[in-house]
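1. What follows is a predicted protein model with its sequence.
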Amino acid sequence: MEAGGGGGQLFSVDPLERQAARGHGVVTSMAAGSDVIVLGTSRGWLVRHDFSLEDAHGCGRRGDWACVCARRSALCGGSWRAECAKPFGSALDAGVGRGHAEDSALLAVGDVDPLTHPGGAETYYHHARWPRPKPLPRLRGLLVNAVAWNRQSITEASTKEVILGTESGQIFEMAVDEADKREKYVKPLLELTEQREGIKDLQMETAVVGNSTRYYVMAVTPTRLYSFTGIGSLETVFASYSDRAIHFMELPGEIPNSELHFFIKQRRAKHFGWLSGSGIYHGELNFGAQHSSTSGDENFVENKGFFYYSKLGDSGIKPRSFALSEFHFLLLIGDKIKVVNRISQQMVEELVVDDTPEISRGIIGLCSDPSTGLFYAYDESSIFQVSTSDEGRDMWQVYLDMNHYAAALSHCRNPYQRDQVYLVQADAAFAAKEYYIAASFYAKINYILLFEEISLKFISIGEQDALRTFLLRRLDNLTKDDKMQITMISTWATELYLDKINHLLLEDTTATTTNSVAEPNSSEYRLIVNEFRAFLSDSKHVLDEATTMRLLESYGRVDELVYFAGLKEQYEIVVHHYIQQGEARKALEVLQRRNVPVDLVYKFAPDLIMLDAYETVESWMMARNKLNPGKLIPAMMRYVSEPHAKNETNEVIKYLEFCVKDLNNEDPGVHNLLLSLYAKKEDESQLLQFLDTKFGKGQTNGPDFFYDPKYALRLCLQEKRMRACVRIYSMMSMHEEAVALALKVDLELTKAEADKVEDDEELRKKLCLKVAKHVIEQEKGVKRENIKKAIEFLSETSNLLKIEDILPFFPDFVLIDDFKEEICKSLKDYNSQIEQLKQEMDDATRGADNIRSDIGALAQRYSVIDREQDCGVCRRKILTVGGLHQVGRSYTSVGHMAPFYVFPCGHAFHANCLIGHVTRCSNQVQAERILDLQKRLSLMDRKAAKENGASVNGESITSTTPVDKLRSQLDDAVASQCPFCGDLMIKEISLPFIIPQESDEKASWEIKPQPTPQKILPMTMSI
């Protein structure tokens, strides 16, 4: 790849059409657009060449007015045939909208001899779809020199508003009704009165501003360039200049043809050029600019420039025509086209047109086709195509020579060209001793200068800081694939940073020794350290860990070593360093990071809790369930073993309470440790509250507590926490031991423990007797006090103990008078109990009598059945003769009728029908039970009939007691409730409407389509 662009000329000229007029005279004017060329000839013909179709032809015929001598100019384009018109003189101009050749129109204007045509100049308009051009009567007498089309608004149906410039210095707005083929309106917009000159060229552009349209219009005369802009309609815009000054640029000098051209790119004008008598005035067009000039008008022209004809080298010769490309001017001087770079204003090429001078009288002019980017030159008979071959390929060098570096970079085509631009910038900055800037530009060079050469340039002059800047910027420009180079440069930059920091430290030390002010160096030192840390953070993935740590250690940068270890997630080194420095909070902050292994928390927990218990416990509590409290027990045991002030808050208890209450921790070790810490406190309230709390409450089949009760009991006995021991005995259901120990502590506690036994009346009574005995023996020797206490305790037992239960505990010499009231009360209780028992016996006797009465009434119960009553299953009469309906087994026939069931709801069923229906609708187990009962009952009936010699032809079968029992079970199974009104019918709701056994019945109801023979309709054909 080369630094420059491709070789060869930027522009070339080739003949396109030799007989362009097609025998209709000589060419006088030409216009191009959308790959279509239209020529005006001296005989009044318009010849259209459509190169998009790769065809060219001229057609039409001379009109009746061909003999009139006149001078014409035309505007053309689109897909239309050449029409006969009057002889053309000045120029053609094309209006093409949206890049389509069909969306075009032609405007032809001519000046005529007033002696032969007294009406003066006449203007014609031709639309692409019209067969011939139409005259515009309202423009008769006006010699139109220039037309400006609204390129943004032209459509296939209409060209919208058009601006016309006349030879007399007037500007008109016109719109044509394509349907009526005549003018909609012609409005005068402006007339130049200060200096009357003809309008030679016009250009118009529009831009949308909110809901409105802003117009930009430029017009040229032989000596002036006028600019107009405003929001609204064209009439409003030009009317606004009645009370404000018109902006113009005046350039004196004579020129055969004053031309104004816009360079169009992507349907928008980018820059302009004006061919004036003094030179070419040009500039950039910014239609979105809001800059205001001193007089208040918006100035949409930027980066103005002027090209003097003297730079062409031809003394006094001015161009006859010119064209404007993206970067160049094409100037027609004689029969040569000189190409001038618009930016550098240097002539880059000179094109010679092969115009066969023995036939032609020279090149007439130039024109361009914005849609294709082609340029054309023409003489009286031929058309020449001026093509460009990547005209912007060398613009980067042009801008570079002018020291316009940003523009040069924007036009570079490959990395080598960009390197050339960066090299020039870097060398200029290096020569000016702006080493930091030079380092930034050198870092962007990848091909034309070696990395080592650039590094040596800075090393040779001792610019370590600039070298470091170069390395850092070079890192920014490297890709991820350059891993080796990135690591080496990063390591070198690390060493340069460390060297710079050490130099600053030495300078600070020297300044302090000489009692000089070292504040600037200190500020620079902090700045470079922060910058170095930022570099380590950015480069942590590319720096070699072992090499970097050795560098930091060799330079004694412990803080940076710890910082880098944290970046590389070597948290053990970081935490160990902070613990050595006594900075527990910083160590805890490191351990709180998400990516720190939790094992490090357990490893450093003993050291951290001894260093700062409060911060450590707060950190653990913030971690919540991320930590396993069981693994922190060794650290907490170490903290507990150390002596602490009495008033100091035990941080371990706080954390254990948090685990137990907030985190619902169930680890027995955690609960045991918390209980042991409570037991060692002088205040027993927290221990008792802990023992009373049921931490497993709400769990299914879970324990009420998670500590070891045996360990808790042993610990409380050791610490002499007797109330706690009583609670533990009680929780272990060792109530006798609990009461025995409670008697040594508190009588009220003893009573409460005895009352806890609720499901074992005998044990509770035994415990109460123990308490009563203790009360009596405790008050021994005090006159009558023991009796009083014992009597009060009896009332508290809720009649569990009687006076006779505690009498043996009193001494023999106690007088009966002391128990007189209690004994009488006990006797009264016994008497009331006897009366209550007698009442219950009387109630039982009455109930038995009622049952006997009901049994007797059941034997006489009957139900009335209508003779027309149907069986609910088979729909036959219930009172069917037994011969018509087989008598079911295990049933006794009623005369000649089959056995049946009648329910209180009114439904009746034959016995066999009911059994079959219930069997079908019940589950398999119930159905098998019914069938088994029926089978057993049938066998027993046969056996009994055989033994008794009974007949089966209608005589009763004498039932034995087992048979009655089986029949009762069968009745309960099938007739416990009506099958139509009971649970059996409700369960049938969930059954399918058609059961599997009815699949054949279901298939018989299916409607199958009958195949019909296809009818073939006769078709007749007539020829």
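-> Thanks, I have the structure now.

2. how far away is Lys1002 from Pro996?
-> Taken as CB to CB, to the nearest Å, the spacing of Lys1002 relative to Pro996 amounts to 10 Å. Where you see a C-beta, it was placed from the backbone N, CA and C, and this is true even at glycine.

3. no, scratch that, I was asking about Glu719
-> Spatial separation of Glu719 from Pro996 under the definition CB to CB is 76 Å.

4. Between Lys1002 and Pro996, point out the one with more neighbours.
-> Lys1002 (12 against 7; other CB atoms under 10 Å).

5. leaving aside the residues next to it on the chain, what's closest to that one?
-> Counting by CB to CB, 6 or more residues apart in numbering, Ile994 is the residue found nearest to Lys1002 once chain neighbours are left out, at 5.2 Å.

6. What's the end-to-end length of stretch 207-218?
-> Taking CA to CA, to the nearest Å, the span from the opening residue of stretch 207-218 to its closing residue is 15 Å.

7. buried sites along it?
-> Neighbour-count burial for stretch 207-218, with 16 or more other CB atoms under 10 Å as criterion, is recorded at 207, 213-218.

8. now, among those residues, which is nearest to Gly556?
-> Among the buried residues of stretch 207-218, Ala207 lies closest to Gly556 (CB to CB), at 66.3 Å.

9. From Leu225, how far out is the closest one?
-> Ala207 sits 20 Å away from Leu225 when distances are taken as CB to CB.

10. try Phe903
-> Using CB to CB, we find Phe903 at a distance of 117 Å from Leu225.

11. what about those two, which has more around it?
-> Neighbours per residue (other CB under 10 Å) separate Phe903 from Leu225, with Leu225 holding more: 21 against 18.

12. Check which helix or strand the more buried one maps to.
-> In this assignment (DSSP states H and E), Leu225 forms part of strand 224-231.

13. Which element is encountered next along the chain beyond that strand?
-> Toward the C-terminus, strand 224-231 is succeeded by helix 234-239 as the next helix or strand (DSSP H and E).

14. What's the mean pLDDT across that following helix?
-> Computed over helix 234-239, the mean pLDDT rounds to 90.

15. Can you list phi and psi of Asn403 for me?
-> The phi and psi values for Asn403, taken as degrees, to the nearest 10, are phi 60, psi 30.

16. which residues does it contact?
-> Under the criterion of CB atoms under 8 Å, 6 or more residues apart in numbering, Asn403 has no neighbours.

17. Can you tell me how far it is from Val421?
-> Between Asn403 and Val421 the computed distance is 10 Å (CB to CB).

18. ok now stretch 596-608, how far from the chain's centre?
-> Between the centre of stretch 596-608 and the centre of its host chain there is 38 Å, according to CA atoms, centre = their mean, to the nearest Å.

19. Could you find the closest non-adjacent residue to Glu560?
-> Counting by CB to CB, 6+ apart, Leu552 is the residue found nearest to Glu560 once chain neighbours are left out, at 5.3 Å.

20. which element is the one you found on?
-> For Leu552, the host element (DSSP H and E) is helix 545-554.

21. Extract the C-alpha set from that helix and format it as CSV.
-> Coordinates of the C-alpha atoms in helix 545-554 are reproduced here as CSV (Å, rounded to 0.1, in the frame of the first residue of the first chain):
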residue,chain,number,x,y,z
GLU,A,545,1.4,-9.9,37.9
ALA,A,546,4.7,-11.2,39.2
THR,A,547,6.8,-8.8,37.3
THR,A,548,4.8,-5.8,38.3
MET,A,549,4.8,-6.8,42.0
ARG,A,550,8.6,-7.2,41.9
LEU,A,551,8.9,-3.7,40.4
LEU,A,552,6.7,-2.2,43.0
GLU,A,553,8.5,-4.0,45.8
SER,A,554,11.9,-3.0,44.5
